[in-house]
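>>> Give me a model of this one.
(chains A and B)
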Amino acid sequence: MIPLMLVPLIVWVAVWGYMWTLDRKVRALAAEVDARDTEESDR
Amino acid sequence: MISSRNADAGFASSRKIESDPASSFLKVLLLIAQSALIVAGFLWLAPADGFRNPDLARIVVFHVPCSIVASIASTVATVYAVIYLAKRRPSDDIKSRTAFAIGLLLWVLTTVTGAIFAKVQWGAYWNWDIKEKSILMLLLINIAYFALRSAIDNPNKQAAIAAAYAIFAMAAVPALTYLLPNSTPDTLHPKGVITTKEGLDAHYKIVLWSGVLCLTGVFVWAMRIQVRLEELALRVQKSKSTSRGAKVVITELGP
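Modelled structure (predicted):
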């Protein structure tokens, strides 16, 4: 059963890693857009 | 859905990312909890007696949570569709569409895990059982939602018609997952597994309901990421069109 168990386990860890990375990227992008909006409104 | 490539541009920035320790803790907890559930599902649970392959019958603790959380996603999609029809806010349409998309993915996962169970226990991946027919109809109804959206160009009209369709699609969920399959004794699926006390062993119940909780966490997280990404795209699009409009005004007013 252990080799079979590794299939969903590896898939889950990969999905979690992807979501974690994407989450950080989206937060960074939101910060970028906020900063750009602030700069534009200052002008 | 918007691809992660759109987000790459922002990640290149050296700007410090907002850190939220509580949210990060929950995400790490989700990783550990779901991993533990997978290990428990394969190694801790006793093989399910009464099945052709008792070892692999344990897939039920992954199959059923997918189906329950897919129903939750459909409900969330419908709630936001109703809110959109009442208030006409684009963000509610984004939330409804995102919940629908994740719901579709979960219905596909339910079908795949169910097909594996069917192959192992009943000898074929697809047996045209009443529940299999029902889920096929649900998949088609969910796919039709996106086909409908892609057929309408006007964004406001698209959102309004999709929201109305989402309400119809939600009505199909209890009818196709519960009422129709329970209306006939002619089914391969065991009945009352979730709804009766004797349906599952206590260990199975722990793993199954914890699985529902974890998968709901994954659904909420995935939805938040996608909604944030789409709202950002909408914001950038709006600010671009505003600045383009401003340029036109300046040109018209110029010498």
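>>> any idea how far residue B:108 is from the residue in chain A that chain B sits nearest to?
With Cβ to the nearest Cβ, the shortest gap between chain A and chain B falls at residue A:29, namely 2.8 Å. The way it works is simple: take the backbone N, C-alpha and C, and place the C-beta from them, glycine included. Going from residue A:29 to residue B:108 by Cβ to Cβ, to the nearest Å gives 28 Å.
>>> swap in residue B:94?
Using Cβ to Cβ, residue B:94 is found at 22 Å from residue B:108.
>>> And the two? Which one has more around it.
With neighbours defined as other Cβ atoms under 10 Å in any protein chain shown, residue B:94 and residue B:108 compare such that residue B:94 has more, 22 against 16.
>>> element containing the more buried one?
helix B:90-122 (DSSP states H and E).
>>> Tell me the helices and strands packed up against that helix.
helix B:60-87, helix B:130-151, helix B:155-174, helix B:202-253 (3 or more Cβ pairs under 8 Å, 6 or more residues apart in numbering or on different chains; DSSP states H and E).
>>> Dump those helices to a markdown table, plus mean neighbour count and distance to chain A.
Listed next are these as a markdown table, based on neighbours: other Cβ atoms under 10 Å in any protein chain shown; distance: least, Cβ to the nearest Cβ, whole Å:
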| stretch | mean neighbour count | distance to chain A |
| --- | --- | --- |
| helix B:60-87 | 21 | 7 |
| helix B:130-151 | 16 | 20 |
| helix B:155-174 | 17 | 20 |
| helix B:202-253 | 15 | 5 |
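>>> tell me, which of those is the model least confident about?
Among the helices and strands packed on helix B:90-122, helix B:202-253 has the lowest mean pLDDT, at a mean of 83.
>>> Helix B:60-87 and that helix, what's the angle between them?
30 degrees (axes from the mean of the first three to the mean of the last three Cα atoms, to 10 degrees).
>>> now helix B:202-253 and helix B:90-122, what's the angle there?
Counting by the same axes, to 10 degrees, helix B:202-253 lies at 150 degrees to helix B:90-122.
>>> Can you name every helix or strand that helix B:202-253 contacts?
Under the contact criterion of 3+ Cβ pairs under 8 Å, 6+ apart, helix B:202-253 touches helix A:2-42, helix B:5-11, helix B:21-39, helix B:60-87, helix B:90-122.
>>> Compare the mean pLDDT across those and name the weakest.
helix B:5-11 (a mean of 44).
>>> For chain A, see how far away the closest residue to residue B:182 other than its chain neighbours is.
Distances taken as Cβ to Cβ, 6 or more residues apart in numbering or on different chains place residue B:191 nearest to residue B:182, at 7.0 Å, with adjacent residues excluded. Distance of residue B:191 to chain A, computed by Cβ to the nearest Cβ, to the nearest Å: 27 Å.
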